[in-house]
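[1] mind looking at a prediction? Sequence and model below.
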Amino acid sequence: MRVIESSELIINPDESIFHLHLKPEDISDKVVLVGDPGRVDTVAEFFDSIEKTVSNREFKTITGTYKGKRLTVTSTGIGTDNIDIVVNELDALVNIDLKTRTEKPEKKRLTLVRLGTSGALQPEIELGSFVMTEISIGFDGLLNFYANRNSVSNLEMEEAFLKHTQWNPLCAKPYFCNSSPKLVNLFADFTVRGITISAPGFYGPQGRVLRLPLADPELNNKIVDFSYQGRKITNFEMESSAINGLSRLLGHDSVTICTIIANRVIKDATKDYRPYISKLIENTLNKLVTL
């Protein structure tokens, strides 16, 4: 059995995992992921009781109970690079024996639900609506560093997209990963099913221009016009692709649900999206505890 070297799996002096500062007993097998550490407290306000609170850098975790079920909420910060840390370390907490540094023979399957905010890419998507990512498109390139990337990717859709956009070869090759069908069905009754792009930045990668011109000024128009089997790309955000890709490779269930706070096509945005976020959290927790 392979022993994972200390340089590859870093354990803190208190026996917690390196970035998250968590121990295996600190988390539930159902984890809500949010970007903003402050939103961890917003989610935890719905909990009936708080069992554990841990914070390190942008990673804050609270584990507690909601309607009698144990749940964890963890912040990831912004971007798929942070998702690489969070998903790998959550998996290590449940599927690696941190004392022997060996994989456990029996693997645990986590449920990972990201709640975030997003910008819509189709004019009919209303501000304040909840778009559930059924397919995530990674512009970030993260999954390309892992073996078996193609086994969890929709290669036909990928090829159609590359051809349609005349993809710039200097950019990372996009990957297309499905969310967990079980979770897509669970949250279907209060969401709009979508195809979501995870961008590796907020400005240029999402077509925003401040002082720097874009390498392909027409890319967003090509994205809006792209259609595959009658479906269009619905929204931009910055994390779902890595969550889906890593979860599928590691054997976990994942999905992302975002509140639409802006529409990039009609150039409109909400003035206060906090009530929508609160409703999204409540709806999601009520469904999550039924699993």
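    Happy to help now that I have it. Numbers count the residues shown, from 1 in each chain.

[2] quick one, helices of the stretch 51-200 of the chain?
    Applying DSSP state H, counting those that start in this stretch to the stretch 51-200 of the chain gives helices spanning 80-95, 155-165, 181-186.

[3] any idea which helix or strand of the chain has the worst average confidence?
    Here the helix or strand of the chain ranked lowest by mean pLDDT, DSSP states H and E is strand 268-269, holding a mean of 88.

[4] buried residues in the next helix or strand after that one?
    On the C-terminal side of strand 268-269, the nearest following helix or strand under DSSP states H and E is helix 274-288. Within helix 274-288, the residues that qualify as buried by neighbour count (16 or more other C-beta atoms under 10 Å) are 276, 277, 280, 281, 283, 284, 285, 287, 288. C-beta coordinates here come from the backbone N, C-alpha and C atoms, glycine included.

[5] quick check: the second one touching residue 258?
    No - under the criterion of C-beta atoms under 8 Å, residue 277 lies out of contact with residue 258, with a separation of 10.0 Å.

[6] contacting residues for residue 23?
    If a contact means C-beta atoms under 8 Å, 6 or more residues apart in numbering, then residue 23 has 14, 15, 16, 17, 93, 98 as its contacts.

[7] what does residue 126 give?
    residue 260.

[8] i'd like the first residue to be 169 from this point on
    Yep, numbering from 169; the last one is residue 294 now.

[9] give me phi/psi at the residue most central in space within the chain?
    Centroid-nearest residue in the chain, with C-alpha atoms, centre = their mean: residue 408, separated by 3.3 Å. Note on residue 408: its backbone torsions stand at phi -60, psi -30 [degrees, to the nearest 10].

[10] mean neighbour count and mean pLDDT for the helices of the stretch 219-368 of the chain - can I get that in TSV?
    Listed next are those as TSV, based on neighbours: other C-beta atoms under 10 Å; pLDDT from 0 to 100:
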stretch	mean neighbour count	mean pLDDT
helix 248-263	21	98
helix 323-333	15	98
helix 349-354	15	98
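
[11] kindly reformat those helices as JSON lines containing distance to residue 284.
    JSON lines is the format used below for these (distance: least, C-beta to C-beta, whole Å):
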{"stretch": "helix 248-263", "distance to residue 284": "11"}
{"stretch": "helix 323-333", "distance to residue 284": "22"}
{"stretch": "helix 349-354", "distance to residue 284": "15"}
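
[12] what about the residue nearest to residue 418 when sequence neighbours are not counted, distance to residue 250?
    Nearest residue to residue 418, sequence neighbours excluded (C-beta to C-beta, 6 or more residues apart in numbering): residue 259, at 4.9 Å. Distance of residue 259 to residue 250, computed by C-beta to C-beta, to the nearest Å: 15 Å.

[13] and residue 271, by the same measure?
    To residue 250, residue 271 is 24 Å away according to C-beta to C-beta.

[14] repeat that for residue 425.
    According to C-beta to C-beta, residue 425 and residue 250 sit 19 Å apart.

[15] likewise residue 228?
    12 Å.

[16] number of nearby residues for residue 345?
    Residue 345 sits with 26 neighbouring residues when counted by other C-beta atoms under 10 Å.

[17] how about it, what does it touch?
    Counting by C-beta under 8 Å, 6+ apart, residue 345 touches 303, 304, 306, 311, 320, 321, 322, 409, 412, 413, 416.

[18] burial count for the first one?
    Other residues near residue 303 number 22, with proximity taken as other C-beta under 10 Å.

[19] bridging residues for it?
    Counting by DSSP bridges, residue 303 is bridged to residue 346, residue 363.

[20] would you work out how far apart the start and end of stretch 175-185 are?
    When the termini of stretch 175-185 are compared using C-alpha to C-alpha, to the nearest Å, they are 12 Å apart.
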